[in-house]
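>>> show me the folded form of this:
(2 chains)
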Amino acid sequence: MADLPEPAIAREWLQTMTLIRRFEERAGEMYARAKVGGFLHLSIGEEATIVGSARALRDSDYLISTYRSHGHAIVRGTPPENVMAELFGRADGCSGGRGGSMHMFDIARRFMGGYGIVGGNLPIAAGLALASDYEGTEDVTLCTFGDGASNQGTFGETLNLAALWKLPVVFMVTNNQFGMGTALQRHSAVTDLQRKGESLGVPGMRCDGMDVLDTYSVLCEAIARVRAERRPLLVEAVTYRFRGHSMADPEQYRSKEEVAQWRARDPIPAYGDLLVAEGVIDEAAREQIDTQAIARVDAAVEFAEASPFPPAESLYDDVYVLDSSSTGWYSVRTTDPHQAAGEQSRELSPADGDEIPQQMSDALAHGEDAA
Amino acid sequence: MAQLRYREALNAALREELRRDERVLLMGEDIGVFGGAFKVTDGLLAEFGEKRVRDTPISENTIVGIGVGAAMAGLRPVVELMTINFALLAFDQIVNHAAHIHYMFAGQARVPLVVRMPQGAGHQLGPTHSHCFEALFLHVPGLLVAAPATAADAKGLLKTAIRDENPVIFIEHESLYGVRGDVPDGDDTLVEFGRARVAREGADVTIVGVSRMAVTAERAAATLADEHGVSAEVIDPRTLRPLDLDTILASVAKTNRCVIVEEGWPHGGVAANLAALISEQAFDDLDAPVRRVSGADVPMPYSKPLEDIAYPHEPQIVSAVLDTLGVAAHSAAPGEASGVRTDSHISGGAA
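Purely as a prediction, here's the structure:
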């Protein structure tokens, strides 16, 4: 077994894993109460993979993820309040209520997003790494995706190109055993996923994604190699998704016994037991970590409830980056003929903020439906 | 001022922007050692080296996606897709990613990416290699779409595209690469997006021509003046997003008639969109329905005689203009001799 880090760090890992678990559980409850719309993909069971891998990064490194990305935002330091507000579709969401569960983002923390298209983030990860190399920084990119994404064209295309161009990317396939409802052996001819990059010039490694220490240890080695050698690696994190693919998943594709077997390896109690056994924390501290996580998630729900919905007049903001010299029709607002009246109605993003275009203000003042 | 071919003008734009801004880099299939399938990037590898002029594998979706990521991280990538036909392989990165990232993440990230590609029929390349897809890209909020018809605009618009903070789909035309034109030097060449070019002034009818069809429309306007005494105003929008609708509307207000010419398909096309905008904005100015002249509503056939009648040529534009003016055409009605079925056919009305 890999060594424990120093106590403060060891505790922080448990805190963050617990926070992600409690956050996801509450998100599920909020979904059931219709506070959250659309799809909701929870990462319960995958916390060790998330925390162990992200903690192997420097702050300046890039992390890019998938539609199962609440935990990635949280591990990167995005306040759970802003993640929950995003689920609620509120203005204070980390994507301003524009993205929802599948599209978290926090550029200040170099969390370069969750992406809704399976495999869509791989080329983007290579682009981030290209920029790091181009600018001569030491930064690396950690790109996570699921086992299902390893069958997408972008997997082969991107691994080949990253190897060819010697780009500093760690591709981490989070093998949670299923691409939606299709089991690994039913969707991939090669189930030893760490080998799937070999023919593309990308060597593979594997970690136990249920063990935060092993995940951290393997990712540290992978990231150090990529940082030094400037070429990509593929790491397979073997884990399990305890809950359905999304909230709308009757889970007919797997047995209760199988789920129970994996749940017996739940990464959070296992790691907590270890910390207690090693004397890093006692049972009271362990309990307190859980209580604090629950309290923080309560605060996140409260914050999200209190946050306003984005205003109607923000509908057309940020479709384009515009300045005062922008001319012509960028968007056609068919819902309001006055808004589609030509040059005067063009969208502007004044340097001083999101000012409402004059015609929009007029429309609002007259009680018209401006959006 | 220099006389340059369209491809040379593009090459000059790339060269100048590579020199001006260290963050600019080029990526694409065979753009380096080979010099570009259409020689647009010829000589750039020798001047700027492999760091900035990058040959890529044949992986369109990933080439565009790597451009998206590099742009998000602060570079100014210019990606060449060998032809517009292959852009279909990259549609996920273009639409779901390049176009949406700025909006989806509430403005936190920008994607200053240019994706260049040539389109067009006329080279007997059959259904998979002859597309015109302005309408596909125009459809997507978040993308800018430029389609230069002259060497000067090719250079000026490309330089502007590279400096823009938004993802730009830059549509070139295979048949225009060898066409010469006057091109101003240096930064004087910058052409603002959202400013149409009035290629020819006229009083009787407005002809809007997109991409190569702006050139064909100019020839038709000359014929209309010489042979029919018709004074046609020809407008090349140059960019479809943003669209300089004001210039088009002002022209329609003057001429009261409008014919729109595009090489792509009629259903859901650029002309269909523009006709709707004109109807909404300038209905009272119109003395006749807006007419469309478009490519035939078929996959592009290989055989030369069929290909010739499957995209618009000067006679179809002349016919459509005379028709909208209520003047009997000397040549056959549109759709007969040409095979180009215009609006009246697709909507089931009388020709």
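
>>> after the helix ranked longest in chain B, next one along is what?
With secondary structure taken from DSSP state H, chain B has its longest helix at helix B:212-228. Counting by DSSP states H and E, the element after helix B:212-228 in chain order, helix or strand, is strand B:232-236.

>>> what's the local residue count around the spatially closest residue to B:Thr223 that is not a sequence neighbour?
Among residues not flanking B:Thr223 along the chain, B:Val318 sits closest, at 5.6 Å (CB to CB, 6 or more residues apart in numbering or on different chains). C-betas here are computed from N, CA, C, even on glycine. When neighbours are defined as other CB atoms under 10 Å in any protein chain shown, B:Val318 has 26 of them.

>>> what residues are up against A:Trp13?
Applying CB atoms under 8 Å, 6 or more residues apart in numbering or on different chains to A:Trp13 gives the contacts A:5, A:51-52, A:55, A:212, A:216, A:271.

>>> same question for B:Leu89.
Neighbour list for B:Leu89: B:60-61 [criterion: CB under 8 Å, 6+ apart].

>>> would you list every one of the strands in chain B?
Secondary structure of chain B (DSSP state E): strands at B:2-5, B:24-28, B:53-55, B:76-80, B:114-119, B:144-146, B:168-173, B:180-183, B:197-200, B:205-209, B:232-236, B:239-241, B:258-261, B:291-293.

>>> let me know the pLDDT of the residue of the stretch 101-250 of chain B found nearest chain A.
Closest contact between the stretch 101-250 of chain B and chain A, by CB to the nearest CB, is at B:Gly194 (2.3 Å). pLDDT, B:Gly194: 96.

>>> does it really touch B:Leu245, like I thought?
No. Counting by CB atoms under 8 Å, B:Gly194 does not reach B:Leu245; the two are 9.4 Å apart.

>>> look at the spatially closest residue to A:Tyr134 that is not a sequence neighbour and report its pLDDT.
Of all residues not flanking A:Tyr134 in the chain, B:Leu75 sits nearest, at 6.1 Å (CB to CB, 6+ apart). At B:Leu75, the pLDDT value in this model is 98.

>>> now do the one helix or strand A:Met84 maps to: which elements does it pack against?
In this assignment (DSSP H and E), A:Met84 forms part of helix A:80-87. Packed against helix A:80-87, as judged by 3 or more CB pairs under 8 Å, 6 or more residues apart in numbering or on different chains; DSSP states H and E, are the following elements: helix A:7-32, helix A:70-76, helix A:283-306.

>>> now these in CSV, with mean pLDDT?
Converted to CSV, the helices and strands packed on helix A:80-87 look like this (pLDDT from 0 to 100):
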stretch, mean pLDDT
helix A:7-32, 98
helix A:70-76, 98
helix A:283-306, 98
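
>>> middle-most residue in chain A, spatially?
A:Ser69 (2.4 Å; CA atoms, centre = their mean).

>>> list the contacts of that residue.
Counted by CB under 8 Å, 6+ apart, A:Ser69 has contacts A:102, A:104, A:113-114.

>>> with just CA atoms, put stretch A:115-130 into CSV.
Taking C-alpha atoms only, stretch A:115-130 is exported to CSV below (Å, rounded to 0.1, in the frame of the first residue of the first chain):
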residue,chain,number,x,y,z
TYR,A,115,-18.4,18.5,-21.2
GLY,A,116,-21.6,16.9,-22.2
ILE,A,117,-20.4,15.1,-25.3
VAL,A,118,-18.7,11.8,-24.6
GLY,A,119,-15.1,12.1,-25.7
GLY,A,120,-15.6,15.8,-26.6
ASN,A,121,-13.1,17.0,-24.0
LEU,A,122,-10.1,14.9,-25.3
PRO,A,123,-9.1,17.2,-28.2
ILE,A,124,-9.6,20.2,-26.0
ALA,A,125,-7.3,18.7,-23.4
ALA,A,126,-4.6,18.3,-26.1
GLY,A,127,-5.1,21.9,-27.0
LEU,A,128,-4.6,23.1,-23.5
ALA,A,129,-1.4,21.0,-23.3
LEU,A,130,-0.3,22.4,-26.6
